[in-house]
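Trainee: The sequence and its predicted three-dimensional model are supplied below.
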Amino acid sequence: MRLEFIRFGLSTLQRQITGVLQIIGAIGLLAFTISKWLAATAAIGLAILMLLGFIKRMQIKDSIYESSPAFIFMVLNAILAYKLFLLL
């Protein structure tokens, strides 16, 4: 993963921030039974994070195949956030 961030041209701090945001998002999704609002917010945050990852991959000219996981996870998190907001 460290080599991927170097290839993307991102710093160590950006890599660490990304990791922390992913962990916070995962914990937020796990908190679904406690707070649907928190889970929906976490899903939106993860969708935005994946959107930024997809954009970065397009900027460095990765193939669609290499970029597809970020796009798929972005869409899944956006759908999850939408469904969770419907439950509020």
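Mentor: Okay, I see it. Residues are numbered from 1 along each chain as shown.

Trainee: For whichever strand or helix holds residue 81, list every residue counted as buried.
Mentor: In this structure, residue 81 sits in helix 64-87 according to DSSP states H and E. When neighbours are counted by 16 or more other Cβ atoms under 10 Å, the buried residues of helix 64-87 are found to be 67, 70-71, 73-74, 77-78, 80-81, 84. All C-beta spots, glycine's among them, are computed from the backbone N, C-alpha and C.

Trainee: So which residues of the protein form helices?
Mentor: All helices of the chain, identified by DSSP state H, fall at 2-8, 12-30, 36-59, 64-87.

Trainee: will you turn those into CSV that also has mean pLDDT?
Mentor: Conversion of the helices of the chain to CSV gives the following (pLDDT from 0 to 100):
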stretch, mean pLDDT
helix 2-8, 90
helix 12-30, 96
helix 36-59, 97
helix 64-87, 96
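
Trainee: which residues does residue 52 contact?
Mentor: Neighbouring residues of residue 52 by Cβ atoms under 8 Å, 6 or more residues apart in numbering: there are none.

Trainee: Closest one of the buried residues of helix 64-87 to residue 5?
Mentor: For residue 5, the closest of those turns out to be residue 70, at 13.6 Å, with distances computed as Cβ to Cβ.

Trainee: Hmm, the closest one is touching residue 58, no?
Mentor: No - Residue 70 is beyond contact range of residue 58, at 9.5 Å (criterion: Cβ atoms under 8 Å).

Trainee: before we move on, the earlier item: what's next to the helix holding residue 81, contact-wise?
Mentor: In this structure, residues lying in contact with helix 64-87 by Cβ under 8 Å, 6+ apart are 29, 32, 36, 39-41, 43-44, 46-47, 50-51, 53-54, 57-58.

Trainee: Recalculate using a threshold of 7 Å.
Mentor: Contacts with helix 64-87, where a contact means Cβ atoms under 7 Å, 6 or more residues apart in numbering, come from 36, 39-40, 43-44, 46-47, 50-51, 53-54, 57-58.
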